[in-house]
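Asker: sequence first, predicted model second:
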Amino acid sequence: MSNEYKNQYDKMTRMPVEKLVMRLGIPTTISMLVTTLYNMADTYFVGTQGTSASGAIGIIFTLMSIIQALGFMLGHGSGSHISRLLGAKEPDKAGDYASTAFFSALIFAVVLAAVGLIFIDPLMRLIGSSETILPHARVYGSFILLATPAMMSSFVLNNILRYEGRATLAMIGLLLGGLINVIGDYVTTSWFGMGIEGVGISTMLSNYISMSILLSMFIMGRTQTKLQLKRVFRRRKSTGQDVTEASASASSDSLLAEASTDRPAEPASETSKTRPLLLSIILIGLPSLARQGMSSLANLVMNWMARPYGDAAIAAMGIVMRLTFLLFAIGLGIGQGFQPVSGYNYGAKKYNRVRKAALFTWGFSTLVIVLAAAVEWFFCEDLIGLFRDDAEVIRIGTPALHYQLLSIGLVPISFIGNMLFQSIGKSGRALFLSCLRNGICYVPTLLILVPIWGLTGIQCAQPIADVLTACITLPFFLSFISHL
């Protein structure tokens, strides 16, 4: 074992968990805020082009959620394996998972981009574009599709670095890419008057620059895992130390639980047949795909339900979605700092550290989100007006934002519970919990309330879904924590 690996192992398994979660959570929070900055900068500069152009951003957010869903599936799926394998002192196998996830992401992205560009108009209509929004959505969506290989592979690279416990390296790539995107938006729209086309070009270029920076971390040897194409086709037999394959096999047994108890899965026998790495990654990554996929579905349904109320309603809800996600990103960043801590220590069989880290992350992220929501509450109209100075947009968006801020303190339990089960390989429970907030709870609430309350139903569907999600998640979380 090299000194560098030993030092990293000691840090992940011995440093006080509160300090470790914060050390990893701060860079990931910054990364999440930078990702949000991408969207908010685009929303701001496109908003200067009119309400229909602003509505296009809300439409394309659904497309970007689909891209993010696939990237997170491969990133979180491989990352969960990687952190547990590193905790079990199997860095070579961890590299196999990293390589498989990265090269698979490139292939998936190219296929998605090609299909999307060929059927661009039907795709834009499918995800909720009206005829007045369509010309703007077509232009911006084309550049997002061209950026898909960079976006999807960046999500994978970022998550591999995070699960290794190298959140600072992950932050650097996203931070520089975000800054370039903001500067590019300003230059293309203010200096060259390119409008939404300029914003699209800036977003595309910044994503490729960000991917190049993240990839350079692996090329320069600053990571424990290595990216090599030959590793994608290499198959291994399970060993007594391969906790990953045992967890992956268990994850497919049930949607709610992988075994009759919450005790850690026993290692697979040496003679067991190896499961293809990509399938193992997908099994563990399914909760991330479901979480992001449900977000795309939620956006799609919301856009369709808002269409009868005009472009102002679509634009308003798209802006509210970004302002709410700004708070969500803070808690999510702290939670993503928790994931490698839980996976690493679960692989090292230090279960009490997993329990302490989960409880600390839940409490701290809730506190931070509530305080940030209190600040945002008093500036709702100004914040919405900043992105689109339209009286109708502000009228629709202000109550919607107020309603969502009232329930935002319940959101951390939903993503902490989801992240806990995913990071330790219990994919069934993670998959179920990931479908709650934007799917099982939100979509039916939206479909029930809008025919009854009209526009008010759209505005308050998400906070009601947040309450339902917290009530369902809490028993799962507390039950497992008691076993740990």
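Answerer: Yep, that arrived. Numbering: from 1, shown residues only.
Asker: for the stretch 351-484 of the chain, what spans make up the helices?
Answerer: Assigned by DSSP state H, counting those that start in this stretch, the helices in the stretch 351-484 of the chain fall at 351-377, 380-387, 391-407, 411-423, 427-434, 442-453, 455-483.
Asker: tabulate those helices (JSON lines), appending distance to residue 283 and mean pLDDT.
Answerer: For glycine as for every other residue, the C-beta is placed from the backbone atoms N, C-alpha and C. Output for the helices of the stretch 351-484 of the chain, formatted as JSON lines (distance: least, CB to CB, whole Å; pLDDT from 0 to 100):
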{"stretch": "helix 351-377", "distance to residue 283": "20", "mean pLDDT": "92"}
{"stretch": "helix 380-387", "distance to residue 283": "39", "mean pLDDT": "85"}
{"stretch": "helix 391-407", "distance to residue 283": "32", "mean pLDDT": "91"}
{"stretch": "helix 411-423", "distance to residue 283": "11", "mean pLDDT": "88"}
{"stretch": "helix 427-434", "distance to residue 283": "5", "mean pLDDT": "86"}
{"stretch": "helix 442-453", "distance to residue 283": "25", "mean pLDDT": "92"}
{"stretch": "helix 455-483", "distance to residue 283": "19", "mean pLDDT": "92"}
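Asker: out of these, the one nearest residue 166 is which?
Answerer: Counting by CB to CB, residue 166 lies closest to helix 411-423 out of those; the figure is 15.9 Å.
Asker: the closest one vs helix 351-377, what angle?
Answerer: Per axes from the mean of the first three to the mean of the last three CA atoms, to 10 degrees, the angle that helix 411-423 makes with helix 351-377 is 150 degrees.
Asker: so what touches helix 411-423?
Answerer: Helix 411-423 is contacted from outside by 76, 80, 83, 284, 287-288, 291, 328, 331-332, 335-336, 338-340, 342-343, 346, 354, 358, 361-362, 365-366, 369, 427, 429-430, 433-434, 436-437, 466, 469-470, 473-474, 476-477, 480, using CB atoms under 8 Å, 6 or more residues apart in numbering.
Asker: hmm, back to that, need the helices of the stretch 351-484 of the chain in a markdown table with mean neighbour count and distance to residue 110, can you?
Answerer: Below are those laid out as a markdown table (neighbours: other CB atoms under 10 Å; distance: least, CB to CB, whole Å):
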| stretch | mean neighbour count | distance to residue 110 |
| --- | --- | --- |
| helix 351-377 | 19 | 36 |
| helix 380-387 | 18 | 33 |
| helix 391-407 | 20 | 36 |
| helix 411-423 | 27 | 27 |
| helix 427-434 | 26 | 26 |
| helix 442-453 | 16 | 31 |
| helix 455-483 | 19 | 34 |
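Asker: can I get these in CSV including distance to residue 119?
Answerer: Formatted as CSV, those follow (distance: least, CB to CB, whole Å):
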stretch, distance to residue 119
helix 351-377, 38
helix 380-387, 30
helix 391-407, 30
helix 411-423, 32
helix 427-434, 28
helix 442-453, 24
helix 455-483, 28
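Asker: which regions of the stretch 1-150 of the chain sit below the pLDDT cut-off?
Answerer: 1-5, 35-40, 42-43, 46-50 (pLDDT under 70).
Asker: where do the helices of it begin and end?
Answerer: 3-14, 17-47, 51-87, 91-118, 120-126, 134-146, 148-163.
Asker: quick check: closest non-adjacent residue to the most centrally placed residue in the chain.
Answerer: Centre of the chain computed as the mean C-alpha position; nearest residue by CA atoms, centre = their mean is residue 72, 5.9 Å away. Leaving aside its sequence neighbours, residue 72 sits nearest to residue 288 (CB to CB, 6 or more residues apart in numbering; 3.9 Å).
Asker: now for residue 193, how many residues are close by?
Answerer: Using other CB atoms under 10 Å, residue 193 has 8 neighbouring residues.
Asker: you'd agree residue 59 is up against residue 302?
Answerer: No - look at residue 59 against residue 302 with CB atoms under 8 Å: they stay out of range, at 10.8 Å.
Asker: give the residues shared as contacts by these two.
Answerer: Common neighbours of residue 59 and residue 302 (criterion: CB under 8 Å, 6+ apart): residue 128.
Asker: residue 197: which of the helices of the stretch 1-150 of the chain is closest?
Answerer: Taking CB to CB, helix 134-146 is the member of the helices of the stretch 1-150 of the chain nearest to residue 197, at 5.4 Å.
Asker: what angle separates the closest one from helix 148-163?
Answerer: Using the same axes, to 10 degrees: helix 134-146 against helix 148-163 is 60 degrees.
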